[in-house]
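> no sequence for this one, just the structure:
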């Protein structure tokens, strides 16, 4: 049985590249850019007036002039109105392109406007004031978002601004989530006393939504032939297979056997962790990766976040930071020599300190607890006593 | 001009209730429950076998018996097989319902199975071991997720488990995002030198996606009659109107005037903040709320997160915590008597400390910076020197 860190390393050695595709920019939220996004013009694209008022030539003001003849009014979006004498000005609106014959903007609050003349009421005018100069933020061709960046709302806005009606993003793996187990019935059915409803697949699908990943769902009964037929097809049709259940010691746990018969190489089976110990992981020579997760909902959910999502993010080249850390809020003991993934609520104090508050659940199998929890706190297997204030890695899932 | 805290209080006094609706549970991610979600059965619904192995009656074991006659094999999802003598056992799989005649499970790893007999090889068997007892996690009728909780992936899974094929969730406000300004052209157009592309509406729409809110988008040119006609229609068709631009001192900034002519009561105009000073907020007697945000992208984005999203969350009764706090990473000065919303990157140290690293941008108007930033750090208006290590409120937007 291998350690969590070994399992992680084996999985990270199986990252894949799924190619790229072009998407309308409005549909790209949560996806990962496949190439740099560059500006098609300077940002701002012109000397942009930043206040409503008048535009003047500063030299005239510096020479002592305070009253300027208004030569016209220029709204945002209009061709610039050039002044025809140094003592003239243009009444001008925020967002307009500054006329080339002017270089300074005085806001209405500092003016008196009367009979076609504007008088400046202050003596603190600075040359170039109230102008957002062309190219100040970015020059034409500059990178505004680099390849491997996740598309955020701000990036969607920037794509619109630079006219990138389509974005080239990383393709997502074709994914199937397979539930196994004859005790499982459909959500709309009323289970018999010894049956339960399928829930893991829906939970997994929902957790992947923020990546834009929409897995197909499939249920396979505990039958050797059917398991084989379905998995053979899935190994052709998908890039990655997520299974839940069917990997323990049970007589009808056909998954590991069938996967190996179908030439999926077992890279590990069982990890020193709770929950999720029976986790099986392998890869097919054709490149398909198989995450066979334990069927207990808390185990499925933990392995999904700790392993599958990390693998997905690495495959998409989402920058893999040092992760998140939080202080444990209370003392805690856990004796088994297993890495313990504790369900916690997260809290950020008024001092900006992230802490993890263990939830009073009924052990690792308590599915209902997951609904309240925010994250798993990863408590290392080589310790059994954990003290309040100690810092551990945390895997958020909300 | 009012303070940020006053603006917030005025807005929070205008929260609304948009009613409820029923949705298929698979479509409810990110929405807010309108009523408690309860279990339809105990969780687990039966004494659930937690390991593959045999089920026995503990009393027989306690009496010294170590070898048990296997009376049958029970898979998960099958009717329990009752033993017909105290010295019998059932070979049983994880997920199966424990037969009423047994009370203890011994896993395969601790057994020898031979010729229809199972011999227990350990002396540490505990009564009731390897069983997840019926109702241990929740009793039938217990609340597993309460009204006002956001639907997470775990909650989607729980809804499936309890057979809640539909969830009653809070309705979202019918929302329109309106851009104004004659300088704006469509994303697919090539702007003239003094024009720019519309981008704010797309950015706002993308930022609201995680709430499941899909606003309509509308562009109104800087024309008094058209502004009036469009806003009159929107006041009938929507619950909330988000405008960007058209609220400053400009001659063609018709928005405040038109809104007041249409009986929208101005609740404030201008807030002591940078960016976003010209922010206008009002409400119509028919209940429609109007957020008229400044058109500068950084201003729009800041006001959206600081005010609109807070209002939306309050309206949906999403629990309103103390917010998020982070330590400033470097000294900083900001002289104006305005609340300064600094664009920052967030970092969580290996000690679990959240810190905010100011981005070297070109001031509050730098839109390109937003793509790199994670959050706004809110620096209070009554200070002008901010020191590394001081803690301030932070508004994340990634």
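Structure received. Everything numeric in this text was worked out from a predicted model, so none of it was measured. Residues are numbered from 1 along each chain as shown, chains lettered A, B, ... in the order given.
> wait, does the helix or strand that contains residue A:90 contact chain B?
Assigned by DSSP states H and E, residue A:90 falls within strand A:88-92. Yes - using Cβ under 8 Å from any Cβ of the partner chain, strand A:88-92 reaches chain B at residue A:91. No exception for glycine: its C-beta is placed from N, CA and C like everyone else's.
> mind listing the strands that strand pairs with, and their directions?
When sheet partners are counted by DSSP bridges, strand A:88-92 sits next to strand A:53-56 (antiparallel), strand A:67-74 (parallel).
> show me chain A divided up by domain.
Split into domains by automatic domain parsing, chain A comes to A:4-18+A:172-315, A:20-42+A:149-170, A:48-132, A:324-396.
> deepest of the strands paired with strand A:88-92, which one?
strand A:53-56 (a mean of 27; mean count of other Cβ atoms under 10 Å in any protein chain shown).
> that one: what's the following helix or strand?
Toward the C-terminus, strand A:53-56 is succeeded by helix A:58-62 as the next helix or strand (DSSP H and E).
> can you give me the offset of that following helix from its chain's centre?
Distance, stretch centre to chain centre, for helix A:58-62: 51 Å (Cα atoms, centre = their mean, to the nearest Å).
> same deal with stretch A:382-398?
Taking the mean of its C-alpha atoms, stretch A:382-398 sits 24 Å from the chain's own mean (Cα atoms, centre = their mean).
> ends of that stretch, what's the gap?
28 Å (Cα to Cα, to the nearest Å).
> what comes up buried for that stretch?
Using 16 or more other Cβ atoms under 10 Å in any protein chain shown as the test for burial, stretch A:382-398 gives A:386, A:391-397.
> anything in that stretch near chain B?
Yes - using Cβ under 8 Å from any Cβ, stretch A:382-398 reaches chain B at A:391, A:397-398.
> can you give me the strands for the stretch 1-150 of chain A?
A:20-24, A:37-38, A:48-49, A:53-56, A:67-74, A:88-92, A:104-107, A:111-114, A:117-120, A:131-132, A:143-145 (DSSP state E, counting those that start in this stretch).
> partners of the second one, with directions?
Paired strands of strand A:37-38, with direction, are strand A:143-145 (antiparallel) (DSSP bridges).
> avg pLDDT for the partner strand?
For strand A:143-145, the mean pLDDT works out to 96.
> who's in contact with the very next helix or strand once past it?
Downstream of strand A:143-145, the next assigned helix or strand under DSSP H and E is helix A:153-161. Outside helix A:153-161, the residues that touch it by Cβ atoms under 8 Å, 6 or more residues apart in numbering or on different chains are A:25-26, A:28-29, A:33, A:37, A:43, A:144-145, A:149, A:151, A:167, B:187, B:196-200, B:202-207, B:209, B:297, B:301, B:367-368, B:370-371, B:373, B:397.
> mind checking which of those residues are in helices?
B:200, B:202-207, B:297, B:301, B:367-368, B:370-371 (DSSP state H).
> please tell me I have it right and residue A:224 contacts residue A:253.
No - the criterion here is Cβ atoms under 8 Å, and residue A:224 misses it with residue A:253 at 10.7 Å.
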